[in-house]
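# got a sequence here, can you model it:
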Amino acid sequence: MKFKLVGIGEVLWDVYPDAAHFGGAPANFACHAASLGAAAWMVSAVGADDLGERALAKLREHGVDCDHISRDEHHATGRVLVTLNKSGQPAYEFAADPAWDHLTWSDELSVLAEGCDAVCFGTLSQRSSASRETIRRFISATPATALRVFDVNPPSAILRHGNDPHLAPTRLRRETKRRGIAHCRRTLRAARSDATRNGN
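Alright, predicted model coming up:
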């Protein structure tokens, strides 16, 4: 039986002055997993536009199941405008209110989550309350043995998004630091416990 993997979150295009490149960390992860032989699904949303059609075609080209990608008539497919300065350093401008900011929960997603062996998600796709709730419900519905791959996106795109108090810059940085320290402490305690049991 194939390893079953789900990417949930953003599907987007990096739009350069001369070309557009398909992306989004969960989508890229699903594409690579499918190319390695896994059964891969993508949970997201794209607009009813040309970029949405092209995104679905790219995913299917790589063997990713797109049954859980919705077509949003009211919001465009995600885009990131990429510009380069004179020294070649890129700057990124995320399009506001894309389709993947509006992921909704369903019974079908619950069934998918319960049967997956691994899930990839990140910070960027949780910048809106709707998608954040859907992603967290999905993660909670996965088996305890499932691998969870978390992509930490640079905070600039998240911090520019609206007035959500959960994403206020000071609070986000403080919470990220607190959780990081707590994780390090848990890791150290586990390592010390193992060393004690092994007589080291």
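# what domains does the record give for the chain?
4-154, 168-200 (automatic domain parsing).
# and those domains as JSON lines, adding mean pLDDT and mean neighbour count?
Bear in mind the C-beta positions are built from the backbone N, C-alpha and C, glycine included. JSON lines is the format used below for the domains of the chain (pLDDT from 0 to 100; neighbours: other CB atoms under 10 Å):
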{"stretch": "domain 4-154", "mean pLDDT": "94", "mean neighbour count": "18"}
{"stretch": "domain 168-200", "mean pLDDT": "49", "mean neighbour count": "10"}
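# which residues does the host helix or strand of residue 113 contact?
Assigned by DSSP states H and E, residue 113 belongs to helix 107-114. By CB atoms under 8 Å, 6 or more residues apart in numbering, the surrounding residues in contact with helix 107-114 are 6, 41, 43, 68, 119, 134, 137-139, 141-143.
# next one: stretch 51-64
With CB under 8 Å, 6+ apart, stretch 51-64 has contacts from 7, 11-13, 20, 22, 27, 30-31, 34-35, 40-42, 46, 66, 69, 71, 76-77, 79, 99.
# same question for stretch 75-95.
10-17, 20, 23-24, 45-47, 49, 51-52, 55, 97-102, 156-157, 160.
# do stretch 27-43 as well
Residues outside stretch 27-43 that contact it (CB under 8 Å, 6+ apart): 2-12, 26, 44, 55, 58-59, 62-69, 103, 109, 112, 116, 118, 120, 138, 149, 151.
# out of those, which sit inside helices?
When helices are assigned by DSSP state H, the members of the contacts of stretch 27-43 inside them are 26, 55, 58-59, 109, 112, 138.
# tabulate the residues you listed (CSV), appending distance to residue 83.
What follows is the ones in helices among the contacts of stretch 27-43, written out as CSV (distance: CB to CB, whole Å):
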residue, distance to residue 83
26, 25
55, 22
58, 23
59, 27
109, 36
112, 37
138, 34
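# and the strands in this protein?
Listed in chain order, the strands found in the chain under DSSP state E are 4-8, 12-15, 20-23, 39-47, 65-72, 78-84, 90-94, 118-122, 147-151.
# how about these in JSON lines, adding distance to residue 129?
Listed next are the strands of the chain as JSON lines, based on distance: least, CB to CB, whole Å:
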{"stretch": "strand 4-8", "distance to residue 129": "16"}
{"stretch": "strand 12-15", "distance to residue 129": "19"}
{"stretch": "strand 20-23", "distance to residue 129": "24"}
{"stretch": "strand 39-47", "distance to residue 129": "15"}
{"stretch": "strand 65-72", "distance to residue 129": "16"}
{"stretch": "strand 78-84", "distance to residue 129": "17"}
{"stretch": "strand 90-94", "distance to residue 129": "17"}
{"stretch": "strand 118-122", "distance to residue 129": "16"}
{"stretch": "strand 147-151", "distance to residue 129": "19"}
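# lovely, talk soon.
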